[in-house]
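Undergrad: coordinates for the following, if possible.
(one chain, ligands or ions: 1)
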Amino acid sequence: MLRRAAFTLIELLVVVALIALLISILLPSLRQAREAAKTTVCLSNQHQITIAAIAYTVESRDWFNPIQDVHRVGNRNVEGTWRVYLWRYAPSPAVYDCPSEGSERYADGVSQYDRQQAGLPAAAVDPLTYGFLHRFEMYNASGQGANLAHYWAQAEGDGPFGRPTESGYPEGLTRAGTNVRFPARLILFGDGHGDAEEDWPEDRWWIFSWTPGLPKGGPGYDRVFQGDAGAVRHRRRSNYSFYDGSARTMDASDIPCTPEECWWSVQFYVHQAHAG
Ligand SMILES: [Zn+2]
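TA: Take a look at the predicted model:
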């Protein structure tokens, strides 16, 4: 007795073609869904560190946290970052990163790469030392960047980088509170790194300036003017968070920074507030 083949060749080819068609339809949408999920996780992370930064100002008589700072530990000067100050309000390594971050993730701890970039000797063990001062804190990169420019001080001559004067850095801190006239227009954090030293070319974020051609790496340095495409991670957009606690995904070119309005700097609003 003859058995009919389960599938004829034609049927098999049709099935194969259909599967190929389905894959070609589903894969891009899956990729888009994954990217949308990454954007959302990033936004949520950024929201948490933004709330942490606001909590810090509330408990610090309205002063913003330092971005970088130097402390004397034993007989050594140790440099720390803003993360040390925010850790008690956001004690989870993951929130200091973006899921689209490539290799320099805070949650990975201090890597050999970080040591190498810092010109430090390789270590046998990579201790996971989150949220407190230690020798390599400064060099453990984050996927989220604190906006240096907004730490522009209250008065001219005191700015701009949010470093306590007594630490040995020449710059002062910025006071938040009522000095920030438009909290919803002051960026606190963004996707990517500041990269004045060109360690992370693939992850630079965009900073627009009202004055083209400022010294490289300085306040208001205009990466677009300098021809630097910057980090725009989430399908050519980045996440940004603001002093009012909001966070959203934006096209960097939609963020104003002109003499009339600059979301990167508190300076203009401070002067406005003093004038008024
Ligand atoms: Zn991101």
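
Undergrad: what is the helix or strand where D69 lies packed up against?
TA: For D69, the host element (DSSP states H and E) is strand 68-73. Strand 68-73 makes packing contacts with strand 76-81 when contacts are defined by 3 or more Cβ pairs under 8 Å, 6 or more residues apart in numbering; DSSP states H and E. For every residue, glycine as well, the C-beta is placed using N, CA and C.

Undergrad: ok, and what's touching the strand it packs on?
TA: 67-72, 133-135, 137-138, 142, 146, 168 (Cβ atoms under 8 Å, 6 or more residues apart in numbering).

Undergrad: give me the buried subset of the residues you listed.
TA: If you count burial by 16 or more other Cβ atoms under 10 Å, the buried members of these come out as I67, Q68, D69, V70, L133, H134, R135, E137, M138, S142, A146.

Undergrad: could I get these as a markdown table with distance to A20?
TA: Formatted as a markdown table, the entries for these read as follows, by distance: Cβ to Cβ, whole Å:
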| residue | distance to A20 |
| --- | --- |
| I67 | 52 |
| Q68 | 53 |
| D69 | 57 |
| V70 | 60 |
| L133 | 56 |
| H134 | 53 |
| R135 | 55 |
| E137 | 51 |
| M138 | 51 |
| S142 | 42 |
| A146 | 47 |
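
Undergrad: what would those look like in CSV with distance to Q32 and pLDDT?
TA: What follows is these, written out as CSV (distance: Cβ to Cβ, whole Å; pLDDT from 0 to 100):
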residue, distance to Q32, pLDDT
I67, 35, 78
Q68, 37, 75
D69, 41, 75
V70, 45, 77
L133, 41, 83
H134, 40, 81
R135, 42, 78
E137, 37, 83
M138, 37, 80
S142, 26, 82
A146, 30, 83
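
Undergrad: where do the strands of this protein begin and end?
TA: 68-73, 76-81, 144-146, 187-191, 238-242, 247-250 (DSSP state E).

Undergrad: quick check: buried residues in the last one?
TA: Of the residues in strand 247-250, those scored as buried under the neighbour-count criterion (16+ other Cβ under 10 Å) are A247, T249, M250.

Undergrad: what bridges to the last one?
TA: The partner list for M250 in beta bridges (DSSP bridges) reads S238.

Undergrad: isn't P256 up against M250?
TA: No: P256 is not in contact with M250 according to Cβ atoms under 8 Å; the separation is 11.1 Å.
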